[in-house]
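Asker: only geometry, no sequence info:
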């Protein structure tokens, strides 16, 4: 059933608005990452650099999401109507835009997006020297992402180039290889079934690997908050990505500007949008927010210790003055009293260090290399787990 122009344009406008929100979220998270990096360098939180290690890959993940979103806007028939941006192109160029969309989004942006997600999830499983604390980690990871994505790009190119030949030879129906549907005035983009099948195979392999990876990470998590984040990521990838492939596969049963096609295409877009938004929040925003909270706690603890030290100094001076005033009664007694008082003062100061202030001191000792090591009975620290470096004797 063909759509009237108003409902079709409404779905197009809604798509543009949602992509704009995704871009806004991405820009805010990138700004947050740069602020975190500047905070670490300016205040000397060296140990927090573990959480800032994959900052380039996190930005790359956001850029891939923005790339994908822009491609979804270019696909819309909204931009091809009379007087719109893509309507100025002739039909041949509009066909080329549809072909480029398939290769760009289904062959490059989406596979790279989820490959980046996998590498960010794998990062805590490495040792510190070979993992995200290594200076070469970001560059090597970016290279691996592009290398593993290359087969998908080549396969989608094969579908685009060889597809018309297969259709002309009557070997495959048109919906297996067709990237567009021509009308008298505009060219409307469609999803070739072969391209969707390739994306489905990629989704099956990726989902299985994410399940295995999540299981390994859950063995290392140190609190329930991180467990919830890992479960959320696993659920997002294992549900939204197969849903997108399913919706795109069923879209070949109808034509563009029919209600079924437009609804399925929009639902497929919405599924991946939700997955990308959840992953940006879980892998970019939350780790940075946790690290900044720990840095703020360290600042607060440092100021509190300074105040305690000043209060102990004032108390010591006051007690010494009191002892000097009472020295005329009995020198020996004064000496005994002085010893007791000073011992009492020392005991109170020790009590403060070992008692009430121990909780935050122990929690923050990881981020203060000059302090004592964290005792085994201390509560777990907030943050991603990391494997210790292997012992040289092992």
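Answerer: It's in. Computed from a predicted structure; not experimentally measured.
Asker: And the strands in the stretch 151-300 of the chain, which stretches?
Answerer: Counting by DSSP state E, counting those that start in this stretch, the stretch 151-300 of the chain has strands at residues 180-182, 187-189.
Asker: Go through those strands and pick out the most buried.
Answerer: strand 187-189 (a mean of 21; mean count of other CB atoms under 10 Å). Heads up, the C-betas are built off the backbone N, CA and C, glycines and all.
Asker: Give the rounded mean pLDDT of that strand.
Answerer: In this model, strand 187-189 has an average pLDDT of 87.
Asker: Output the below-cut-off pLDDT ranges for the stretch 101-250 of the chain.
Answerer: The model of the stretch 101-250 of the chain has pLDDT under 70 over residues 126-135, 167-169, 184, 222.
Asker: Going along the chain, name the helices of it.
Answerer: Taking DSSP state H, counting those that start in this stretch as the test, the helices found in the stretch 101-250 of the chain are 110-122, 137-168, 193-218, 224-250.
Asker: Which strands or helices does the second one pack on?
Answerer: With contacts defined as 3 or more CB pairs under 8 Å, 6 or more residues apart in numbering; DSSP states H and E, the packing partners of helix 137-168 are helix 55-75, helix 110-122, helix 193-218.
Asker: just the angle between the last one and helix 137-168, please?
Answerer: Orientation note: helix 193-218 sits at an angle of 150 degrees relative to helix 137-168 (axes from the mean of the first three to the mean of the last three CA atoms, to 10 degrees).
Asker: The second one too?
Answerer: Counting by the same axes, to 10 degrees, helix 110-122 lies at 150 degrees to helix 137-168.
Asker: what comes into contact with helix 110-122?
Answerer: Residues outside helix 110-122 that contact it (CB atoms under 8 Å, 6 or more residues apart in numbering) are 54, 57-58, 60-61, 64-65, 68, 141, 144-146, 148-149, 152, 199, 202, 206, 209-210, 213-214, 217, 233, 237, 241, 272, 276, 279, 283.
Asker: repeat that for 7 Å
Answerer: 54, 57-58, 60-61, 64-65, 68, 141, 144-145, 148-149, 152, 199, 202, 206, 209-210, 213, 217, 233, 237, 241, 276, 279, 283 (CB atoms under 7 Å, 6 or more residues apart in numbering).
Asker: returning to that earlier point: okay, the helices of the stretch 101-250 of the chain, which one's buried deepest?
Answerer: Across the helices of the stretch 101-250 of the chain, averaging neighbours per residue (mean count of other CB under 10 Å) puts helix 110-122 on top, at a mean of 23.
Asker: Which residues are in contact with residue 59?
Answerer: Residue 59 sits next to 30, 33 when contact means CB under 7 Å, 6+ apart.
Asker: Give me the pLDDT value at it.
Answerer: At residue 59, pLDDT is 93.
Asker: how near is it to residue 138?
Answerer: Distance, residue 59 to residue 138, using CB to CB, to the nearest Å: 10 Å.
Asker: possible to save the helices and strands packed on helix 137-168 as TSV with distance to residue 98?
Answerer: Shown next, in TSV, are the helices and strands packed on helix 137-168 (distance: least, CB to CB, whole Å):
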stretch	distance to residue 98
helix 55-75	7
helix 110-122	16
helix 193-218	11
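Asker: wait, which of those is closest to residue 253?
Answerer: Minimum separation from residue 253 across the helices and strands packed on helix 137-168 (CB to CB) falls at helix 193-218, 10.1 Å.
Asker: what angle separates that closest one from helix 224-250?
Answerer: 170 degrees.
Asker: what sits up against stretch 200-212?
Answerer: 111, 114, 118, 152, 234, 237, 238, 241, 242, 245.
Asker: Any chance of CSV for the residues you listed, columns distance to residue 76?
Answerer: As requested, those are exported to CSV (distance: CB to CB, whole Å):
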residue, distance to residue 76
111, 22
114, 23
118, 30
152, 23
234, 32
237, 26
238, 28
241, 22
242, 24
245, 20
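Asker: Of those, just say which sits nearest to residue 262.
Answerer: Distances from residue 262 to the contacts of stretch 200-212, taken by CB to CB, are shortest for residue 245, at 18.1 Å.
Asker: Enumerate every residue touching the closest one.
Answerer: Taking CB under 7 Å, 6+ apart, we find residue 245 in contact with 196, 199, 200, 203.
Asker: I figured the first one hits residue 247, correct?
Answerer: No: using CB atoms under 7 Å, residue 196 and residue 247 do not qualify as a contacting pair, with a distance of 9.4 Å.
Asker: any idea how far residue 104 is from the residue lying closest to residue 269 once chain neighbours are set aside?
Answerer: What sits nearest to residue 269 in space, not counting adjacent residues and going by CB to CB, 6 or more residues apart in numbering, is residue 72, at 5.5 Å. Per CB to CB, residue 72 is found 10 Å from residue 104.
Asker: And stretch 277-286, what's buried?
Answerer: For stretch 277-286, burial by neighbour count (16 or more other CB atoms under 10 Å) applies to 277, 278, 279, 280, 282, 283, 284, 285, 286.
Asker: Would you mind putting the helices of the stretch 101-250 of the chain into TSV with distance to residue 292 alongside?
Answerer: Shown next, in TSV, are the helices of the stretch 101-250 of the chain (distance: least, CB to CB, whole Å):
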stretch	distance to residue 292
helix 110-122	19
helix 137-168	21
helix 193-218	23
helix 224-250	16
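Asker: Any idea which of the ones you listed gets closest to residue 9?
Answerer: With distances scored as CB to CB, the stretch of the helices of the stretch 101-250 of the chain nearest to residue 9 is helix 224-250 (20.6 Å).
Asker: that older thread, minimum distance to residue 95: which of the helices of the stretch 101-250 of the chain has it?
Answerer: Closest to residue 95 of those is helix 137-168 (CB to CB; 10.5 Å).
Asker: and the closest one with helix 55-75, angle?
Answerer: 30 degrees.
Asker: shift numbering so it begins at 32
Answerer: With the count now opening at 32, the last piece we talked about shows up as helix 168-199.
Asker: And for residue 303, the neighbour number?
Answerer: Residues near residue 303, counting by other CB atoms under 10 Å, number 25.
Asker: For it, which non-adjacent residue is closest in space?
Answerer: Residue 303 sits nearest to residue 275 (CB to CB, 6+ apart), 4.9 Å away.
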